[in-house]
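Engineer: Predicted model follows, preceded by the sequence.
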Amino acid sequence: MKIRRITATPVNLPLEAPYVWVFGELPGFSVTIVEVETEDGLVGLGEAPSPQAAAIIRDRLAPALIGRDAFDIAGAEHVCLPFWRGVQSINDQAGITAFGAIEMALWDLRGKAWNLPLYQVLGGAVRRDIPFTDYFSLRGDGPGVRGERTPEAVADYCVALHETHGTTFFEGKFSTADPMISLRMLELIRERLGEKVMLRIDSNQAYSLATARRLVRPLEALGVRNWEDPVATADEMVELRRHCSIPFSTHDVNIARAMVRKVPDAICGNPAVLGGIGRLVRFVGACEHAGLDFWCYSGDSGVGSAAYLHLSAALGWIREPNQSLFRMQTTDVIEEGPFSPRNNTVRVPEGPGLGVTLSRERLARCHRDFVENGPMNKYHDPAAPGIYRRLPLA
């Protein structure tokens, strides 16, 4: 089964309202949807979490792969990334991510050719209902949506998720310039929903070590399950560990350093960023050996999210909930999306491969948004339209 064509389409995935974090307000995400078509007419789907991947795939990777066996994933990687450690040493993360999206599509093709869900291709399922957190944050107003501009409004939003969808797993941005605002959000959510709800937070490296130390005691008292990137560097995280019992997570995939320094406790990642599904399977195995938890982050279309679902179904070590912005997405590129967790879970798709169907109309609309408005992965200052800057840190 030979590869006939590879298409990479950058798209925008707008949120219903921009959420507030350390960089300003984020209105949505821009990703690249990849289609690998074979001479037999099968089409595999993949996704890269950046729009830059589209040009790399079009100009460098696709020409090297046309005519090759679609089942030869190892051969495809060798052609595109011939010396893995060398690629990493020159920090070619964009090239790794672009290939990772193609590799995801090749796995989707395997499942479709063999008429098996991806989790079966990976060895079977240890679970079929996959846990996710629902996200919360201060939010600005969106088209037809009134955002949550106060801690009280955020707590109301979380209560509504609980009452409507059965949500008890929450993760939220804890990165306001004044950390007391974020702390008040957590206090209100805990007060209104009780001790049984899970609260994870993500600070995006917003705080100095001194500020993070001051936050430790109230966060521990609130029973925070996990604190992602509380400080800016690994050295600061090591120091903060001396004062804090809350588990830490990070997007830094340096397992060896984590084993030596005993932080973080978990790594939050993405298949494409790690080089594809095959490499993520091996990475999760290494995390299990090291005693580090792993879960997937948010901001993807239904294509990338379907990959999370199948990997979480097949890999027992992905024990903690993945992140999710499903509730906040206004559209998706798949017919079945956006996914909607119920009682904290989404059922893994049972169709062949990733088990999702690309919507040509939605793909075209999201691509048109990208072409007309540019990428959404910018962090803007709402007080100065068109001006993008990092907000001051505490």
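Structural biologist: That came in fine, so what should we check first? What you see is a predicted model; the values in this text were computed from it and never measured.
Engineer: need the contact list for residue 286.
Structural biologist: Residues near residue 286 by C-beta atoms under 8 Å, 6 or more residues apart in numbering: residue 255. All C-beta atoms are positioned from the backbone trio N, CA, C, and that covers glycine.
Engineer: gap between the closest residue to residue 334 other than its chain neighbours and residue 126?
Structural biologist: Closest residue to residue 334 apart from its sequence neighbours, by C-beta to C-beta, 6 or more residues apart in numbering: residue 302 at 3.6 Å. Between residue 302 and residue 126 the computed distance is 22 Å (C-beta to C-beta, to the nearest Å).
Engineer: Likewise for residue 220?
Structural biologist: Plainly put, residue 220 is 32 Å away from residue 126 if you go by C-beta to C-beta.
Engineer: got it, and residue 322?
Structural biologist: 15 Å.
Engineer: Look at the two and report which has more neighbours.
Structural biologist: Comparing residue 322 with residue 126 by neighbour count (other C-beta atoms under 10 Å), the higher total belongs to residue 322, at 24 against 14.
Engineer: Would you mind listing the residues in contact with the more buried one?
Structural biologist: Here residue 322 is in contact with 130-133, 295-298, 308, 312 (criterion: C-beta under 8 Å, 6+ apart).
Engineer: Save those as TSV, and put in secondary structure too.
Structural biologist: TSV is the format used below for those (DSSP: H, G, I helix; E, B strand; the rest coil):
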residue	secondary structure
130	strand
131	strand
132	strand
133	coil
295	strand
296	strand
297	coil
298	coil
308	helix
312	helix
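Engineer: Spit out the contact partners of residue 159.
Structural biologist: Contacts of residue 159 (C-beta under 8 Å, 6+ apart): 192-193.
Engineer: Now name the helix or strand holding it.
Structural biologist: Using DSSP states H and E, residue 159 maps to helix 151-165.
Engineer: Where do the strands of the chain begin and end?
Structural biologist: For the chain, strands defined by DSSP state E occupy the ranges 3-21, 24-38, 43-48, 129-131, 134-136, 169-173, 198-202, 226-228, 248-250, 266-269, 293-296, 345-347.
Engineer: Please report how far residue 1 lies from residue 184.
Structural biologist: Applying C-beta to C-beta, the value for residue 1 to residue 184 is 57 Å.
Engineer: go on, residue 355?
Structural biologist: For residue 355, the distance to residue 184 - C-beta to C-beta - is 41 Å.
Engineer: repeat for residue 173
Structural biologist: 13 Å.
Engineer: quick one, which of those two is more surrounded?
Structural biologist: Remark: of residue 173 and residue 184, residue 173 carries more neighbours, 24 against 17, as counted by other C-beta under 10 Å.
Engineer: That one: what's it in contact with?
Structural biologist: By C-beta under 8 Å, 6+ apart, the residues touching residue 173 are 19-21, 135-138, 182, 201-204.
Engineer: out of those, which one sits closest to residue 63?
Structural biologist: Nearest to residue 63 among these: residue 204, at 37.1 Å, using C-beta to C-beta.
Engineer: No further questions, thank you.
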